[in-house]
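Enquirer: 3D, please:
(one chain, ligands or ions: 4)
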Amino acid sequence: MRTSQTLVSTLKETPSDAEIVSHQLMLRAGMIRKLASGLYSWLPTGLRTLRKVENIVREEMNRAGAVETLMPVVQPADLWQETGRWDAMGPEMARLQDRHHRDFVLGPTHEEVITDIVRDEIKSYKQLPINLYQIQTKFRDERRPRFGVMRAREFTMKDAYSFHLDQDTMDATYDSMYAAYCRIIERMGLAYRPVLADTGAIGGSHSHEFQVLAQSGEDAIAYSTDSDYAANIEKAEALALGERGDATAEMTLVDTPNAKTIDELVEQHGIAIDKTVKTLIVKAAEELDAELVALMVRGDHELNEVKAENLPQVAKPLQFATEEEIRAAIGAGPGSLGPVDLKLPLIIDRSVETLNDFGAGANVDGKHYFNINWERDVALPEVADLRNVIEGDASPCGKGTLKIARGIEVGHIFQLGTKYSESMNATVLNEQGKATPLIMGCYGIGVSRIVAAAIEQNHDDRGIIWPDAIAPYQVSIIPMNMHKSHRVAELAEKLYAELTAAGIEVLFDDRKDRPGVMFADHELIGIPHNIVIGERGIDAGNIEYKSRRSGEKSDVAIDDVVSFIQ
Ligand code: ATP
Ligand code: MG
Ligand code: MG
Ligand code: MG
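Expert: Ligands and ions are numbered 1, 2, ... in the order given. As a prediction, this is how the structure comes out:
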């Protein structure tokens, strides 16, 4: 590609509204431009990297036996009504009507659509297992879109869904997706950890997140120094506190007078609230003298839907309720609420909308109950407080010391059991000819988020340093004063043609700019290999090669350039 043909829209100044380095550099390098909050256009350079990531994901999904498909972004509401998620989804799901006043959603995820396809198309166990995926736009009306494409409202996700007759093939596919996710992230050269995760709004039993390690990450993960144990903070804490079974869910009562919103708390008191930060919650309660809340339950995820009717009885303010008090209030033995572990008094929040962050919820007697993704509300400096609470104890695995790190969730895999197939009646005939609900798994990767996550790990003060696998171009050709030197121009054209013919992606800087401007742009854009062509080098039969990552320079004989680069 010639710079004269494409759009090289680099910026010298750091845009003031970009908080983290990847967002700043994506804007400065001309990869993306903001259209509106959480909505970004991909400019040519950015799109090349996005496509690289997509292709790595696609190759590894295909290699793992998944099959590509493509489903609409706009989905009819009736499918969401079938699973109950039309009501359970909060304002993060964007809804619209067509001209006939029929309800639709902009798909935040595609479990309903794929289950609808599979129940029509798959009739016999002989067609199973099957794993279908797509790379498609998702829309989530995030409460606080930020960090550019890292937390956008419209973004690209690879989502795969597998269907099984039996748990053994479910486990095998889950393991192969786990391995594929590791390969995907490793091919891009990123440092990451797979961590045990809560299943949250999507439901299900068994779940891992893939966290790219970065200080700017919004998630906190706990890992053991001496074993492979790693979990996101919520899961680690749940395990440490003795969660029973392998399902977990949390439910917070959200509707009490005199309560403040989380945002108000943070603003007024400088207090950040996180369910793991017990000390801060207690402190907040003291300072506010608010009617406090009640309840956080851990147990079977079914609680989200079915057990909510038990909860209104504890809606009376239970300030610092103990587990015994709450158990007494709801009359819950372990049986009636599943394996309940109550732990924390939480601040109640009246403004349900601001809290419900793509969480499942329930509406009982006019009161709203929501799952809350608390991690969203943890300000970055609060890691230190999390650490006070958790770090230092041996973890659930009993080995080593638990440490806390920051991560960016780039992937998330779940076993969903029969949650969707039962509510949507997706069955197949088993060997005995009996209709059996399909067992389902789902596997998501934030394709566009990975681009930003990669930059968080690969940059310096001059710009992006792309790992080769996802660089928009592998090589840049920077000719010095080519418009004055016929020899430089000729060699630049020749190398451009040869490298391109060898299948190497080259950005050939044929602008009439000063060399300093060109160098700065190529460093900002982060192209891994730079070839500088000048009169003096030509006299010696060389070009100058410079590695973006190491900064090292070397002279390479003109005839050896292609093989040197390859
Ligand atoms: P988060 O916790 O960051 O809100 P999530 O748990 O809601 O993410 P999933 O439903 O697990 O997201 O979706 C699968 C993947 O999609 C995530 O692992 C993430 O990489 C990506 N993703 C989710 N929300 C966004 C977003 N708003 N912008 C960009 N990527 C996103
Ligand atoms: Mg989310
Ligand atoms: Mg998450
Ligand atoms: Mg997730």
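Enquirer: wait, Pro91 sits on Asp141?
Expert: Yes - using C-beta atoms under 8 Å, Pro91 is in contact with Asp141, at 6.1 Å. Quick note: C-beta positions are derived from backbone N, CA and C, even for glycine.
Enquirer: more neighbours: the two, which one.
Expert: Taking neighbours as other C-beta atoms under 10 Å, Pro91 and Asp141 compare with Asp141 leading, 18 against 15.
Enquirer: so what's the more buried one up against?
Expert: Applying C-beta atoms under 8 Å, 6 or more residues apart in numbering to Asp141 gives the contacts 91-94, 153.
Enquirer: JSON lines for those residues, including distance to Ile445?
Expert: Converted to JSON lines, the contacts of Asp141 look like this (distance: C-beta to C-beta, whole Å):
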{"residue": "Pro91", "distance to Ile445": "25"}
{"residue": "Glu92", "distance to Ile445": "19"}
{"residue": "Met93", "distance to Ile445": "20"}
{"residue": "Ala94", "distance to Ile445": "22"}
{"residue": "Arg153", "distance to Ile445": "18"}
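Enquirer: these, buried ones only, as a ChimeraX selection?
Expert: Per 16 or more other C-beta atoms under 10 Å, the buried members of these correspond to this ChimeraX selection:
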select :92,93,94,153
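Enquirer: residue of this structure closest to ligand 1, please.
Expert: Closest to ligand 1 within the chain is Gly446: 2.2 Å, counting by C-beta to the nearest ligand atom.
Enquirer: how about the nearest residue to that residue, chain neighbours excluded?
Expert: Nearest residue to Gly446, sequence neighbours excluded (C-beta to C-beta, 6 or more residues apart in numbering): Val410, at 5.4 Å.
Enquirer: so the one you found touches Arg193, yeah?
Expert: No - using C-beta under 8 Å, Val410 makes no contact with Arg193, being 10.9 Å away.
Enquirer: who has more neighbours, these two?
Expert: Between Val410 and Arg193, counted using other C-beta under 10 Å, Val410 has the larger neighbour count: 27 against 19.
Enquirer: OK, contacts around the more buried one?
Expert: Val410 makes contact with 185, 192, 210-212, 445-446, 449-450, 453, according to C-beta under 8 Å, 6+ apart.
Enquirer: rerun at 7 Å
Expert: 185, 210, 212, 445-446, 449-450, 453 (C-beta atoms under 7 Å, 6 or more residues apart in numbering).
Enquirer: next, format the residues you listed as CSV and append pLDDT.
Expert: What follows is the contacts of Val410, written out as CSV (pLDDT from 0 to 100):
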residue, pLDDT
Ile185, 98
Phe210, 95
Val212, 95
Ile445, 98
Gly446, 98
Arg449, 98
Ile450, 98
Ala453, 98
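Enquirer: drop anything exposed from those residues.
Expert: Neighbour counting over the contacts of Val410 (16+ other C-beta under 10 Å) leaves 185, 210, 212, 445-446, 449-450, 453 as the buried ones.
Enquirer: how about the residues you listed in JSON lines, adding secondary structure?
Expert: JSON lines is the format used below for the buried ones among the contacts of Val410 (DSSP: H, G, I helix; E, B strand; the rest coil):
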{"residue": "Ile185", "secondary structure": "helix"}
{"residue": "Phe210", "secondary structure": "strand"}
{"residue": "Val212", "secondary structure": "strand"}
{"residue": "Ile445", "secondary structure": "strand"}
{"residue": "Gly446", "secondary structure": "strand"}
{"residue": "Arg449", "secondary structure": "helix"}
{"residue": "Ile450", "secondary structure": "helix"}
{"residue": "Ala453", "secondary structure": "helix"}
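Enquirer: can you tell me if the strand or helix carrying Ile408 touches ligand 1.
Expert: Counting by DSSP states H and E, the element that carries Ile408 is strand 402-417. Yes - using C-beta under 6 Å from any ligand atom, strand 402-417 reaches ligand 1 at 409-412.
Enquirer: quick one: name whatever helix or strand follows the helix or strand harbouring Asp78.
Expert: Applying DSSP H and E as the criterion places Asp78 in helix 77-83. Counting by DSSP H and E, the next helix or strand C-terminal to helix 77-83 is helix 85-88.
Enquirer: mind showing which ranges of the chain have poor pLDDT?
Expert: Residue ranges of the chain with pLDDT under 70: 198-205, 226, 233-394, 396-402.
Enquirer: residues of it that sit close to ligand 1?
Expert: Counting by C-beta under 6 Å from any ligand atom, the chain sits next to ligand 1 at 109, 140, 142, 151-152, 155, 157, 358, 409-412, 444, 446, 448-449.
Enquirer: looking at the contacts of Asp141, which are in strands?
Expert: With strands taken from DSSP state E, there is no overlap with the contacts of Asp141.
Enquirer: pairing partners for Ala230 in the sheet, please.
Expert: Taking DSSP bridges as the rule, Ala230 bridges to Tyr223.
Enquirer: if you could redo that for Met440, that was the one I meant.
Expert: Here Met440, judged by DSSP bridges, has bridge partners Phe163, Gly417.
Enquirer: neighbours of it, just the number please.
Expert: The number of residues near Met440, taken as other C-beta under 10 Å, comes to 25.
Enquirer: ok, Ile525 next?
Expert: Ile525 has 26 neighbouring residues, counting by other C-beta under 10 Å.
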